[in-house]
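This is a predicted model, with the sequence first.
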Amino acid sequence: MSSDSGSQTPGSKGIMTFHPTAEEFQNFSRYIAYMEYQGAHQAGLAKVVPPKDWRPRKSYDDIDDLVIPAPIQQVVTGQSGLFTQSNIQKKPMTVREFRKTANSDKFCSPRYADIEELERKYWKSVTFNSPIYGADVNGTLYDPDVTDWNIGKLNTILDTVEHVNGITIQGVNTPYLYFGMWKTTFAWHTEDMDLYSINYLHFGASKSWYCVPPEQGKKMERLAQGFFPGSHQNCEAFLRHKMTLISPSILRKYGIPFEKITQEPGEFMVTFPYSYHAGFNHGFNCAESTNFATERWIEYGKQAMLCTCRKDMVKISMDLFVKKYQPERYEQWLAGRDTGPIDHSRPTPEAKEFLGEEQGKDCISQEPEVEKKRSEEVHFYVGRGPTPRIGTKRHWVCLDVPDKVVPKDEEEEYDKKARLGLTALGTGAEDCTDTVIEQGPSLSFSSLLTSSVTLSHLYLVDELYVDMKDEPEEREEWAKPLAQLWQSRPYNPQAERSYNQRMGLQAPYCSICLLFHTYDQVEWRGPWSLQQKSNSATKPAVQRSKPLIPEMCFSTTSDKTNSSSSGEGQLYTPHLEEDGTSLLVSCSQCCVRVHASCYGVSVDQVSDDWMCARCEANALTEDCCLCSLRGGALQRANNDKWVHVLCSLVVLEARFVNIADRSPVDLSYIPLARFQLKCFYCKRRVKRDVGCCVQCSHGRCTTAFHPTCAQAAGQLMQPDDWPFIVHVTCYRHKSPVLPERNKAAMQELEVGQQVICKHKNGRYYQCEVLELLTTATFYEVVFDDGSYSDNLFPEDIEFCWKHFLSKCCITMRSSSVNRSVCFYQC
């Protein structure tokens, strides 16, 4: 072909620009295959400049009365290059009204010399003067007689969905219009089901695009998860919510490769599967967009990570495509065995005519071409929603659910509850082992936080080797194992080694990750048998596991520290493997066990005689200056003192000067008021107030505690979204991540019992249970026409299995007729 495929936009080395001829422009799918043959898909984004004489519409003068039914005001919050975008729906307006608003003094574009200056002004003012976006307007501006690259008639394999099943997905296989103004933004995301997308800018101001190559998509996800762990905990695919903004400076700082390009009016932009992209509009303009697919997309669709927190998110059953285009793999796909890594550099099978026959066979061996025969009895469904049209690309606003409170009687009984214990193990340094054992099934981060059992400080108090006869008796179970670790007590190296060793032999095997491994407490059931004691004593520790600490907790910076040269250019998640695991290392002297990524230990430093920073400096008698407990992993502070890494993570103002090494820790920004707070847990256990306290994150709660005291006492601490880092829950509050406990409490209600309930005004009141309602089981179904029901009685459903693993066909008895529906089991 004669296209100028080798040209590249200045400043966008990986994004290719294509100039097809009029003849080449006639076959859309063939030209997309040619672009991938040229390698355009490896950048994730490409520009296509249509032939000069091509026009999608003769005139745009007659669209002023077009109604934008649901414009949204984009409210951006955040700082330091990390932002969250929420959308507030406004009343309908016409294009004429929207243009007038966009060109007004309040919303018009600023003056700028070049695109770089405009980009700087965008990121500096992104949180101010929220713009209005006329997004997701169903329709097209193409003239009906336009056949070349008609966004409403691309005729790719995605149109099989509509041809076979008659289902339309607004914005996915139908076009959407987008009316933008200065600063209107599309946040970082991949397309629904990781599809291709095409965007044509009809008229108006230009548009800036950012793009991360598909092969760097996982790295981009890890970065976002690190900075927004709270959102990730609620939904693994939270980036599909299109609410997360990360500036280029942050991507550059953490080694995420990206490209940027400017789209001018009259140009197409094509995004490729699993390509994270974002951007903003330079002023009033109008764009048209939709999704499409090639055979290469099928593998991406099969492995796409979908949003599970919203029922109206787009979902496409891949059965239709696998059965039609990969029939020899259909049975394995149904059995869940047709998975494997995706080669992002491989072009689509349709590009074989450009590759040559022999070369083409090699390149598409994993996705062979098969006879494209329409399959019978293949069911298709899209995400569940209450409306007939099932999928939509509408932006939504996430709302936080108010936290529940603990009744007073439970608060009073809190300190009376005993904690789970474990027998004592060997206490010598020689017992620290790095022996590898077979590790059980890995637990996800969310499953760890919802566990109902605590495993903090697993050893029996009656087996402590220290004589405590002269000490006052400790009544609270959580504090008994710590009797010899308070800084007010004489230093006992044997007690510290024993504590560190035991913490290293229980999940999460890292003394720093213990921060997020505090669970709901259970009552102590009595001592273990001697056999259990001996088994636990001889059980070696795992050598590698997944850290629980998001990188954001280490790398948080403020404007005061952004200029530090030590923080610039450091790679994200140092010392972390591709599978998300990190090596566990133990200090040969104090037995403290940490992840290499949590403590900043490089591979060349790992050895059998490795020592932590404190032991290497021979500062064994030094204690953490931010709390009142000994034990755990310490790093040097910038004031010649030492500090727990765990404490440094929880105290917001503490900064890691060298992020990769996790040291030294800058404590100079901690306000004096923090050191004046009194710890709720240790104020009666130490002779004088020491260290720095943090407070409960719930509302105006003033409960203060040292991070290590709170962790030891079983207080729940979770990763929070930027810029708060850690969300701390004191004993007065319950966390919404413990549904099992709340459910169990509801089952114990009795008539006449006093409870605390939430009123419709949002406040909580003490009430009396008058009647216990019965429970009922309902089924959720999606009908053939796209309608949805979530309250179907079991007796209204008759099962008849069509596909034995993934789904079944059921019949619902209605008032007059029977109706066939598809029921999908998860």
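In hand now; what should we look at?

so where's the stretch 101-250 of the chain uncertain?
160-171 (pLDDT under 70).

quick one, strands of it?
Ranges of strands in the stretch 101-250 of the chain, per DSSP state E, counting those that start in this stretch, are 132-138, 176-180, 185-189, 196-204, 207-212, 244-246.

start to end distance for stretch 31-42?
Stretch 31-42 has an end-to-end distance of 16 Å (criterion: C-alpha to C-alpha, to the nearest Å).

Tell me the gap between it and the middle of its chain.
Its chain's C-alpha centre and that of stretch 31-42 lie 30 Å apart, by C-alpha atoms, centre = their mean, to the nearest Å.

Could you point out which of the strands of the stretch 101-250 of the chain sits nearest Ala46?
Set against Ala46 and scored by C-beta to C-beta, the strands of the stretch 101-250 of the chain come closest in strand 207-212, at 9.4 Å. The C-beta positions use only the backbone N, C-alpha and C, and glycine is treated the same way.

any idea of the angle that closest one forms with strand 196-204?
With axes from the mean of the first three to the mean of the last three C-alpha atoms, to 10 degrees defining the directions, strand 207-212 sits at 160 degrees from strand 196-204.

ok, residues contacting strand 207-212?
For strand 207-212, the external contacting residues (C-beta atoms under 8 Å, 6 or more residues apart in numbering) are 15, 43-45, 115, 118-119, 122, 180, 188, 201, 220, 248, 251, 256-263, 269, 271, 275-282, 285, 287.

Can you list the strands that it pairs with?
strand 259-263 (antiparallel), strand 276-281 (antiparallel) (DSSP bridges).

Tell me which of those lies nearest to Val126.
Short answer: strand 276-281, nearest of the strands paired with strand 207-212 by C-beta to C-beta, at 8.2 Å.

What lies in contact with that closest one?
44-45, 122, 180-190, 205, 207-212, 217, 220, 239, 245-246, 271.

Distance check, the residue lying closest to Glu191 once chain neighbours are set aside against Lys58.
Leaving aside its chain neighbours, Glu191 sits nearest to Ser197 (4.8 Å; criterion: C-beta to C-beta, 6 or more residues apart in numbering). Note on Ser197: its distance to Lys58, by C-beta to C-beta, to the nearest Å, is 26 Å.

which one of the two has more residues nearby?
Ser197 (21 against 10; other C-beta atoms under 10 Å).

List the beta-bridge partners for that one.
Bridge pairing for Ser197 - DSSP bridges - gives Thr271, Asn291.

how about it, what does it touch?
For Ser197, counting by C-beta under 8 Å, 6+ apart, the contacting residues are Glu191, Val270, Thr271, Ser289, Thr290, Asn291, Phe292.

Name the nearest of those residues relative to His595.
Nearest to His595 among these, with distances taken as C-beta to C-beta, is Glu191, at 34.8 Å.

wait, isn't the closest one in contact with Thr271?
Yes. With contact defined as C-beta atoms under 8 Å, Glu191 reaches Thr271; the gap is 6.5 Å.

returning to what we had before: to Ile316, which of the strands of the stretch 101-250 of the chain lies closest?
Proximity to Ile316, assessed across those by C-beta to C-beta, is greatest for strand 196-204 (13.2 Å).

What segments of the stretch 501-650 of the chain are helices?
Along the stretch 501-650 of the chain, the segments classed as helices by DSSP state H, counting those that start in this stretch run 530-538, 551-555, 596-599, 613-616, 645-650.

Pick out the shakiest of those, pLDDT-wise.
Lowest mean pLDDT within the helices of the stretch 501-650 of the chain: helix 530-538, at a mean of 39.

End to end on stretch 678-690, go ahead and measure it.
First-to-last residue span, stretch 678-690, C-alpha to C-alpha: 8 Å.
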